[in-house]
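Participant: Any chance you can model this:
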Amino acid sequence: MTVLNHWINGAEVAGTSGKTADVTNPATGGVTATLSLAGQAELDAALKAAAGAFPAWRDTSLAKRTQILFAFRELLNARKEELAALITAEHGKVLSDALGEVSRGLEVVEFACGISHLLKGGFTENASTKVDVHSVRQPLGPVAIISPFNFPAMVPMWFFPVAIASGNTVVLKPSEKVPSAALWMARLWQEAGLPDGVFNVLNGDKFAVDGLLDAPEIKSVSFVGSTPIAQYVYQRGTAAGKRVQALGGAKNHMIVLPDADLDLAADQAINAGFGSAGERCMAISAVLAVGSIGDELVQKIKERAVALRTGDGTRGCDMGPLVTQVAQDRVTGYIDAGEAAGATLVVDGRQGEFDADGNGFFVGPTLFDNVTTDMSIYTDEIFGPVLSVVRIDSFDEAIALINANPYGNGTAIFTNDGGAARKFQNEVEVGMIGINVPVPVPMAYYSFGGWKNSLFGDSHAHGTEGVHFFTRGKVVTSRWLDPSHGGINLGFPQNA
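Facilitator: Down below sits the predicted model:
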């Protein structure tokens, strides 16, 4: 049995706590590795490594930092299929989806390669007589990233490229369900030339999370996960004096207006509802059919859902398993509850054949119609391949329903009416909006994050907000006498 350990100060470090967790292949249900979970010794070692590496990394020139970022980008791009295979083996998503995850993470690495432009300050000459004022942005110090199971590579890459390029050091605590991607990327950083201690991986459970939240060495915490845990992370981290960006849960709606292309809407409802088996914070889980289109739209979604092939992510299937047995039981429990509450079960994902060996954690695409807003399949974030169609009388009612929801992560509208689209983007109280785009995840140079109970903290991930989160401003006011003579050097100036 493979034993997975920690990555601290540029080397694999075996666990000494005696605590372990099983890592499974969701497509077979089999245990593939044993993961060492951190105790106090490993926590202390990771904190010491990050704190010790910070002064030298902070003082490393931007030119050198970005050279290492470029090297990491080139290595990752050349070997992305290898990382995608690791993700499929531990998370279960199909290989094409895993490769897409790595590619979206690469976008943030590429954004961080050009971070010099965003770290430059401003300068005012003669703000007062012979007094100049300038501003700089400086790194915070060691920072922590606590990432979820559903995107083992992309979500950490929302944060650590920006943090590292800005001059910080990192302790990454990946989900114990999917640890291999983080360890693989740590080795890739070393190959790219990153100094030891700048990037560390601490595998663990709640003990490790609480340790990072409480540790005075850690200056900021980036978290992605469910809303209750995001609230906990935000409250505990800020109480310890840290900056915290805690991205929580979602209940994403997709409005379909009567003028929409219903074939396009049905295709995109399938893509957004069942991609990655619905284990996405940006997944569409509620389709709001406005007016008289409900019957036709439901039929089109049904035709596409029953044609999907569910099974082992390495076999060319459309959809893979859920991540664990617990997740499978949770999702099937919601299907039971929706049926008992009186919703019309159009496609039952508990039934059917799955293309895999062994006893994987499978639930097929599931479609409910005539869902009402008091049912748990509507109110709760299921985090599985369950799509609910709610029939709505008017566009205004649909917007009001979205705005009444406690979550505000992502939403979409399908329409050919520009006026309706503009009204939607102006009035809807959600952080990320798609117009005829079902999963509106922004490019890396914009920032990712929702509103309301989908985000705790002020800063969204990556983009300009990400740079500001991992740095702090300083303003310098100076007055100098005549400058001294600097000597003669006719060589061409170079970055170093």
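Participant: residue nearest the centroid of this structure?
Facilitator: Closest residue to the average C-alpha location of the chain: residue 155 at 3.2 Å, with CA atoms, centre = their mean.
Participant: Give me the distance between it and residue 364.
Facilitator: Using CB to CB, to the nearest Å, we find residue 155 at a distance of 26 Å from residue 364. Yep, even glycine has a C-beta here, placed from its N, CA and C like the rest.
Participant: Equivalent analysis for residue 431, please.
Facilitator: Residue 431 sits 31 Å away from residue 364, taking CB to CB as the criterion.
Participant: again with residue 406
Facilitator: Distance of residue 406 to residue 364, computed by CB to CB: 29 Å.
Participant: Which one of the two is surrounded by more residues?
Facilitator: residue 364 (22 against 12; other CB atoms under 10 Å).
Participant: is it true that residue 13 touches residue 3?
Facilitator: No. Residue 13 lies out of contact with residue 3 (CB atoms under 8 Å); the separation is 11.9 Å.
Participant: out of the two, which sits in the more crowded spot?
Facilitator: Between residue 13 and residue 3, residue 13 has the larger neighbour count (other CB under 10 Å), namely 22 against 12.
Participant: re the thing from before, can you pull the contacts of the residue nearest to the centre of the chain?
Facilitator: Applying CB atoms under 8 Å, 6 or more residues apart in numbering to residue 155 gives the contacts 147-148, 224.
Participant: and it, that's in a strand?
Facilitator: No. Residue 155: not assigned to a strand; according to DSSP: H, G, I helix; E, B strand; the rest coil it is helix.
Participant: List the buried residues for stretch 237-254?
Facilitator: Buried residues in stretch 237-254, counting neighbours by 16 or more other CB atoms under 10 Å, are found at 237-238, 242-254.
Participant: how long is that stretch from one end to the other?
Facilitator: End-to-end distance of stretch 237-254: 34 Å, with CA to CA, to the nearest Å as the criterion.
Participant: Report the separation between residue 211 and residue 456.
Facilitator: Note on residue 211: its distance to residue 456, by CB to CB, is 20 Å.
Participant: between these two, which one's more packed in?
Facilitator: residue 211 (23 against 20).
Participant: Wait, that one touches residue 43, no?
Facilitator: Yes. If you go by CB under 8 Å, residue 211 and residue 43 touch, sitting 4.4 Å apart.
Participant: Spit out the residues that contact those two alike.
Facilitator: Counting by CB under 8 Å, 6+ apart, the shared contacts of residue 211 and residue 43 are residue 204.
Participant: and residue 115, what does it touch?
Facilitator: 62, 66, 69, 162, 165-166, 467.
Participant: whoops, residue 15 was the one
Facilitator: Residue 15 neighbours (CB under 8 Å, 6+ apart): 5-6, 36-39, 42, 203.
Participant: cool, residue 208 as well?
Facilitator: With contact taken as CB under 8 Å, 6+ apart, residue 208 is in contact with 37-38, 43, 173, 202.
Participant: run the last query once more with 6 Å
Facilitator: Contacts for residue 208 were tallied using CB atoms under 6 Å, 6 or more residues apart in numbering; they are 38, 173, 202.
Participant: ok so, going back, return a selection command, for use in PyMOL, containing the buried ones of the contacts of residue 155.
Facilitator: Here is the PyMOL selection string for the buried members of the contacts of residue 155, based on 16+ other CB under 10 Å:
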select buried, resi 147+148+224
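Participant: any chance of the contacts of residue 155 in a markdown table, plus secondary structure and distance to residue 415?
Facilitator: Shown next, in a markdown table, are the contacts of residue 155 (DSSP: H, G, I helix; E, B strand; the rest coil; distance: CB to CB, whole Å):
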| residue | secondary structure | distance to residue 415 |
| --- | --- | --- |
| 147 | coil | 35 |
| 148 | coil | 32 |
| 224 | strand | 31 |
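Participant: Identify, from the contacts of residue 155, the entry nearest to residue 488.
Facilitator: residue 147 (52.8 Å; CB to CB).
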